[in-house]
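A.B. asks: please work out how this folds:
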Amino acid sequence: MPLWKSCPLHRIAWARAALTALVFFAAAAPAAAAGKDYQGFFGVLDAALTQPNSLDQHFADSLVFTGSGADYTRHVLDNDDDSTFRIQVGYSFGKGLGSIRASYWSFENDDSQVMSIPGAVYPTIFGSSYYTAPGGYYGGSYYLYNPAGVVSVIATSKVKASTLDLDYIGPMVGGNKVSVNWLAGLRVATYEEDQAFDGDDGSYYIVQGKHFESDAAGIRVGAKAAFELSRHFRLEGEVGLSLLQADTKGDSFQLLSRTGLLDTNHGEDENTRGEIRDLDVRGVWDAGPFDFYVGYAASTWEGLVTDPVPGSAGFLSTSGRDSISFNSIHGGVIWRFGSP
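C.D. replies: Below is the predicted model of the structure:
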């Protein structure tokens, strides 16, 4: 769901009120204290409305027979946006010597969907299983079907992600109106995802679920630029690239009422490639020891979000997801507490 379509009216009204307040304080503030020679500590508190994109949580396929053939549908969970927070603390050395900062960001969201699906329903969270049992040969292509009605389905998911960064920001190009800084540092990132399917056709039921997680660490490089439009207002932009190595592991299961059997899958990879690309643009109002800002940020995660226990393709093909993104409308305050 696009971020701008999922924002209720009260969030829009709140954002307008906050923007009005920021403009008022910026206009009434004294001269800026964040000059190039500023030396001292600073802290940042950031709040955002964040939309996860391309999760592609494919939980089932359905099939309805028609007079001329069949109608197939691929069912994917609708992921909503949620609030996130970022905290930064750092120290500026002044006199063009740059600054050092540590930052922490986290995201957590739960989604669910309840459906009544006509026709045959094939759950796709768990991969196919084939084995020989004393009663004969059993296959993993299990499905639910209610010829006289519908199949009741509950699909759920939970996503958690976080980053912990330590960066040094050094001057590269400076002027009266424009400044460009480079940054280099270390990043630790974690990603967790849970999915579940619970389906009942009135005679049988199928329960499937999975959990996987990745822990990653590596280097981070990037650049930060600022353009002063007036005494109290400037535009800032920051880009970053993190090259990470991740340890990924996961487990999945399915419980079948027809057989009473519990199937499980396990997968892991200690050498998963991880990459995170960050982009942030914002408008900043200077208000003495405080700066207020609003902006847009996007973070694309690749590799470490790959499912180590992928589900089955179902009636239709699966996407084989390798990347996702977190897109945010955010705002915050920067507080400088030291000697200018």
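
A.B. asks: make it CA atoms for all contacts and neighbour counts henceforth
C.D. replies: Will do.

A.B. asks: looking at stretch 253-260 now, give me its mean pLDDT.
C.D. replies: Throughout stretch 253-260, pLDDT has a mean value of 84.

A.B. asks: let me fix that: stretch 223-231
C.D. replies: 93.

A.B. asks: kindly report the same for stretch 148-168.
C.D. replies: Mean predicted lDDT for stretch 148-168 stands at 96.

A.B. asks: can you pull out the strands in the stretch 151-300 of the chain?
C.D. replies: 178-200, 205-228, 233-256, 261-287, 290-302 (DSSP state E, counting those that start in this stretch).

A.B. asks: adding distance to residue 311 and mean neighbour count, write those out as TSV.
C.D. replies: Converted to TSV, the strands of the stretch 151-300 of the chain look like this (distance: least, Cα to Cα, whole Å; neighbours: other Cα atoms under 10 Å):
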stretch	distance to residue 311	mean neighbour count
strand 178-200	11	20
strand 205-228	9	20
strand 233-256	9	20
strand 261-287	10	18
strand 290-302	19	20
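
A.B. asks: relative to residue 85, which of those strands is closest?
C.D. replies: Nearest to residue 85 among the strands of the stretch 151-300 of the chain is strand 290-302 (12.6 Å), distances taken as Cα to Cα.

A.B. asks: can you name every helix or strand that the closest one contacts?
C.D. replies: strand 261-287, strand 323-337 (3 or more Cα pairs under 8 Å, 6 or more residues apart in numbering; DSSP states H and E).

A.B. asks: show me what contacts residue 298?
C.D. replies: By Cα atoms under 8 Å, 6 or more residues apart in numbering, the contact set of residue 298 is 278-280, 325-328.

A.B. asks: go with 6 Å
C.D. replies: For residue 298, the contact set (Cα atoms under 6 Å, 6 or more residues apart in numbering) comprises 278-279, 326-327.

A.B. asks: cool, and residue 301?
C.D. replies: 275-276, 323-325.

A.B. asks: can you tell me which of these is closest to residue 88?
C.D. replies: Of all those, residue 88 sits closest to residue 276, with 18.7 Å by Cα to Cα.

A.B. asks: look up the closest residue to the closest one, ignoring the ones flanking it.
C.D. replies: residue 301 (4.6 Å; Cα to Cα, 6 or more residues apart in numbering).
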